[in-house]
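[1] When you get a sec, could you give me coordinates for this:
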Amino acid sequence: MSDGASLSGHDHYDKRLIVRVLAETKTIAVLGASANPARPSYFVVKYLLDKGYEVWPVNPGQAGKPICGAMTYGKLADLPATPDMIDIFRAPDAVPGIATEILAMEKLPKFVWMQLGVRDDESAARLEDAGITVIMDRCPKIEYARLSGEIGWNGVNSRVLSSRRPVAGHKVQSLGIRRE
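    Next up, the predicted model:
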């Protein structure tokens, strides 16, 4: 559990780790993506697309249909390539099976991110043993917004203070995230 995760098992992540993961990620598979605009997974897909990531929604009930304009796939094996990150928007009891599916992939992703409320330490250990960086119980949309300063626009204390002017990211609406 190196690279920013605490010895107590993913209870805290160093800011540098989160920044590195978000900066090195170009493609994201969102497992459990919803076509319902009222669902958090829909909004996360939309947000990540707006920030310039290539997002592949994964939902067997929506396979072949677009979510936020991105084609949806039925399962990880159907993806056009190995994503840099797999974002798990599923219940914690589904994670062991998902970890097995990930480990069966021909080429492994660099990162597995489990959404808020999703944590499975045994699966995380299996994935990390295979060389995959794991983040649990966090949301990449929230972390991106916090680290780029967007959350601060709404009066929320993001614990990120800077006198530097924001730098435009890879999309007009994006401020981007600075690597230190």
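
[2] Any idea how far apart the tips of stretch 78-85 sit?
    End-to-end distance of stretch 78-85 (CA to CA, to the nearest Å): 15 Å.

[3] for stretch 86-105, same thing?
    Rule used - CA to CA; the end-to-end distance of stretch 86-105 is 12 Å.

[4] Sort out which residues of that stretch are buried, please.
    Neighbour counts using 16 or more other CB atoms under 10 Å place 86, 87, 88, 89, 90, 94, 95, 98, 99, 102 of stretch 86-105 among the buried residues. In this view, the C-beta of every residue, glycine as well, is placed from N, C-alpha and C.

[5] cool, and stretch 30-40?
    Buried residues in stretch 30-40 (16+ other CB under 10 Å): 30, 31, 32, 33, 34, 35.

[6] try stretch 35-55
    By 16+ other CB under 10 Å, the buried positions in stretch 35-55 come out as 35, 41-42, 44-49, 51, 53-55.

[7] could you dump those to TSV with secondary structure, distance to residue 143 and pLDDT?
    Listed next are the buried residues of stretch 35-55 as TSV, based on DSSP: H, G, I helix; E, B strand; the rest coil; distance: CB to CB, whole Å; pLDDT from 0 to 100:
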residue	secondary structure	distance to residue 143	pLDDT
35	coil	24	96
41	helix	16	96
42	helix	18	97
44	helix	11	96
45	helix	16	97
46	helix	16	96
47	helix	11	95
48	helix	11	96
49	helix	16	97
51	coil	12	94
53	coil	13	97
54	strand	18	98
55	strand	16	98
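
[8] The residues you listed into CSV, with extra columns for distance to residue 21?
    Listed next are those as CSV, based on distance: CB to CB, whole Å:
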residue, distance to residue 21
35, 27
41, 19
42, 22
44, 15
45, 18
46, 20
47, 16
48, 13
49, 18
51, 14
53, 12
54, 16
55, 15
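
[9] Can you tell me which of these lies closest to residue 20?
    Comparing the buried residues of stretch 35-55 against residue 20 with CB to CB places residue 53 closest, at 15.1 Å.

[10] ok so, going back, so of the buried residues of stretch 30-40, which two are at opposite extremes in space?
    31 and 35 (14.3 Å).
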